[in-house]
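> the following comprises the amino acid sequence and a computationally predicted model.
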Amino acid sequence: MPARNYGDDGSPFFSLHREMNRLFDDFFRDVDFPAIGRRGWAGGWPQVEMRETDKEVTIVAELPGMEEKDVELSLQQNALTLKGDRKSESEGALYSERWHGQFQRTIQLSPDIDPEKATAAFKNGILTVTFAKRPEAQSTTKRIPIGK
């Protein structure tokens, strides 16, 4: 009987497990579902964080392995769109779990932002976009004390 190649450990279960993971990865990539991360559904790529103060709104996006020239930002009707293309660095790799390809992510922003006062910076794979709030929006926040 000829020898079977099931993978590094010789187990047909390991081989089946690896193949099932590959099928699920291909399915989610092809139908443009968000990736599954260590903490469950990632909610989209790139991962973003939004912070708000009385004076500004800041969006920080993680774009590892990318450069400023690979990313495009646009704002339309208070929706910020991040668009780009992450090139594959693993040409000729036998196996890769690294993501590459085109992406687009749109984030709805508050009507309080001033689109004319936006700045963007890109450093070490981190994109930071900051919008100043309109002066009238800055003065509408009023703290209400809690007490007896």
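Nice, I can see it. Numbers count the residues shown, from 1 in each chain.
> and T81, helix, strand or coil?
Under the three-state scheme (DSSP: H, G, I helix; E, B strand; the rest coil), T81 adopts strand.
> any idea how far R105 is from it?
According to CB to CB, to the nearest Å, T81 and R105 sit 7 Å apart. (Each C-beta comes from the backbone N, C-alpha and C, glycine too.)
> those two: who's more crowded?
Neighbours were counted for T81 and for R105 using other CB atoms under 10 Å; R105 has more, 17 against 13.
> now the element after the lowest-mean-pLDDT helix or strand in the chain, going C-ward?
Least confident helix or strand, the chain: strand 40-41 with a mean of 36, by mean pLDDT, DSSP states H and E. Later in the chain than strand 40-41, the nearest helix or strand by DSSP states H and E is strand 48-52.
> any idea of the pLDDT on the spatially most central residue of the chain?
In the chain, the centroid-proximal residue (CA atoms, centre = their mean) is P46; its distance is 1.0 Å. With respect to pLDDT, P46 scores 86.
> so the protein: which segments form each domain?
What automatic domain parsing lists as the domains of the chain is 7-37, 45-89+99-140.
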